[in-house]
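# No sequence on hand, only this structure:
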């Protein structure tokens, strides 16, 4: 027994020693805490002796725009009625004398925007793009064994520099990295899987190593999800600072949407046989392929893309999202059948890429919304967006100086993510080159761009386009250069664009610059484009959340997929006041599923489902007569808002059953069942087949005079009941229901829980037609981070313990502290108080 105990203690000591040795090789420190912040211009704030005692203490990620709230003065609709300005950040930290001889750098995942960074008063650099990740070497600027101060100035004075909400500040994570002199540099590992066959895969690993000697070697081990070695290669010699190694894996577990298996490459640098640096990089084994006739293939199997566009804000926390926030959103998207995200229209946070890898979500990474010709951010068809030139300057002003670096940095950053399947070089760029639209209009004088089939004959298009462009198309020239830069870094993924003038782009040379042609709101172009250019893969890169958009893709094998606009409601691109953003999405700002989310769940998920919404006949776009059946009359958006906004919006529907007696109500049923039957207070109002509606809108409809009670819809497959959904007339609020998406949070000061707050009547039915203010109380080892209700008109502060419900519900987001224990949440309306909700913090 003594021998056994001694052996165990020795083994534990050896293991601990190895862990300490590994830790000493490379240290990655969380650099998000203990920052000081102030808004406004400062003098000499970059100097180490500057007194920042009066500045506010903050932690990162930090987005001062969302914290300041929504304002009408010195803001714009395009960026969500939020402020910009100048902000300064400072952090004091200590570097021990023992770190001398190491290489030390600081990694920023994103700072919006025009950031300048100093260390101890010495300028390290300037980065204008607020979406890119970057790093600075601190090694030769540090005070070893003494105090150091890093200072960051953020200049978002041009607060109308985007067509959507951007946020302001150091709104993503920051890390301090310490490595040995001989080390693997930032983004120094590239992993591909060039051969993926049944039972075998080749893993190709390229590793850069800096400051090598003749005695430097590299060991590579591939680890499975349990950190077991499944393949390895030792003693690799380094030539010209690079090691290229192919490792064969037998019976690999492939990365896929349903089974997102991940491996880890453990790469160790050795000097004279002693480990001096080590990093671990996750990757997935998978193959991708686009076929002009068959669509997209993942691991050799056809996979129709069911995608969404996402902007980078996360509702109530703005752009300052944690990984847990993105996990919640991706989990919501997966729950209704979404399998892909287009990162519109800029690089998103690395933590979101990690989540997509872990949860099995395909990604279209996108570089730019504009190139050297600007999109006029002062123009917003929804109103309240007048802006001068100085405050609306965007990326176009710096495009030629920074485009190559920004593009290549994103590819290097995200190269090893199996979720990334393509690179988009631009979104709707043709709008900024007027001769594209002029040529389109001349060739198609009576066309309506969204619904017409345009002229696709190259012989007719070419002379018109050359005349209007002056014979030189700088768009196509730049597109080819961007594509070339992509291929210089990555030849394993295709290049794409989101085109709004594909009939012209196929002739101009723009389409030649990309491998896959993306169509934005041009489903009526699919057939003629494929017929005219049968060798070019195509798909819908941006589409309305409408049945016709999905049907056009579902019925055409050659169309690889669709990306609806959008997955979640987003801040900005809105107006007039107080509309802060657009809820034209599958989920609202708070993450609650919209009616259209239920509708697309019926299209994209195989599980039987019925769902029901209602509208007074007097307000509905649907009308019914015995003679003509159901008719649809679209009600375009009234002034001052752009009338065609209705094309992006959903039907005017309610999710309740509370109306004046005998009022005629249009009842819409969303389902993927063969038949649906409607019951009112137990009496059948008839059974209808989905096939009778599938050629039009795929919505089964009834016209029902309102009677208080229970409205139930039942779904049938092959005559058997497979699902049902009930709406019940409700009374006054009598209870409050709290539900969390998590029962436990990690005690790491990052993990968050999303708590739904719902009004219930006396018998426990959910109220969806009344609203009131709720007061929240959070105690214990968590803090109330933000509140929201999902409504696009909600301009109340998010950093409050009070929230107005919308359609009977609201959201509270709580964040853990670093202390273990538990947190208790309660909600109150006058004398009505919820049962306490307890969440463990561990």
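Perfect, I can see it now. Everything numeric here is computed off the predicted structure, so don't read it as measured data.
# switch to C-alpha atoms for all contacts and neighbour counts from now on
Noted.
# got the residue ranges for the helices in the stretch 351-500 of the chain?
Secondary structure of the stretch 351-500 of the chain (DSSP state H, counting those that start in this stretch): helices located at 399-414, 434-443, 458-469, 474-489.
# for the stretch 51-200 of the chain, same thing?
Secondary structure of the stretch 51-200 of the chain (DSSP H, counting those that start in this stretch): helices at 64-68.
# Which residue ranges make up each domain of this structure?
Annotated domains of the chain cover 25-175, 189-283, 302-582, 609-728, 735-841 [automatic domain parsing].
# Mind putting those into a markdown table with mean pLDDT, mean neighbour count and distance to residue 296?
Putting the domains of the chain into a markdown table (pLDDT from 0 to 100; neighbours: other Cα atoms under 10 Å; distance: least, Cα to Cα, whole Å) gives the following:
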| stretch | mean pLDDT | mean neighbour count | distance to residue 296 |
| --- | --- | --- | --- |
| domain 25-175 | 98 | 20 | 29 |
| domain 189-283 | 95 | 17 | 13 |
| domain 302-582 | 96 | 21 | 5 |
| domain 609-728 | 96 | 17 | 24 |
| domain 735-841 | 97 | 20 | 33 |
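# out of those domains, which comes closest to residue 601?
domain 302-582 (4.4 Å; Cα to Cα).
# Distance from the chain centre to that closest one, please.
Centroid separation for domain 302-582 versus its chain: 14 Å, with Cα atoms, centre = their mean, to the nearest Å.
# Could you tell me the end-to-end distance of that domain?
Using Cα to Cα, to the nearest Å, one end of domain 302-582 lies 33 Å from the other.
# Could you do stretch 89-109 as well?
Across its full length, stretch 89-109 reaches 15 Å between end residues, using Cα to Cα.
# How far off centre is that stretch?
The gap between where stretch 89-109 is centred and where its chain is centred comes out at 31 Å by Cα atoms, centre = their mean.
# Repeat that for stretch 163-179.
15 Å.
# one step back: out of the helices of the stretch 351-500 of the chain, which gets nearest to residue 615?
Relative to residue 615, the nearest member of the helices of the stretch 351-500 of the chain by Cα to Cα is helix 434-443, separated by 39.1 Å.
# List the contacts of that closest one.
Contact partners of helix 434-443, identified using Cα atoms under 8 Å, 6 or more residues apart in numbering, comprise 430-431, 447, 454-455, 461, 464-465, 468-469, 501, 503-504.
# picking up where we left off before, okay, the domains of the chain in TSV with distance to residue 291 next?
Compiled in TSV, the domains of the chain are given as follows (distance: least, Cα to Cα, whole Å):
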stretch	distance to residue 291
domain 25-175	31
domain 189-283	18
domain 302-582	6
domain 609-728	27
domain 735-841	40
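# Looking at these, spot the one closest to residue 182.
In terms of Cα to Cα, the element of these nearest to residue 182 is domain 189-283, at 4.9 Å.
# what's the span of the closest one, first residue to last?
First-to-last residue span, domain 189-283, Cα to Cα: 11 Å.
# Pull the contacting residues for residue 257.
For residue 257, the contacting residues are 339, 359-362, taking Cα under 8 Å, 6+ apart as the criterion.
# Against which helices or strands is the helix or strand harbouring residue 269 packed?
Under the assignment given by DSSP states H and E, the secondary-structure element containing residue 269 is strand 263-271. With contacts taken as 3 or more Cα pairs under 8 Å, 6 or more residues apart in numbering; DSSP states H and E, strand 263-271 sits against strand 216-223, strand 274-283.
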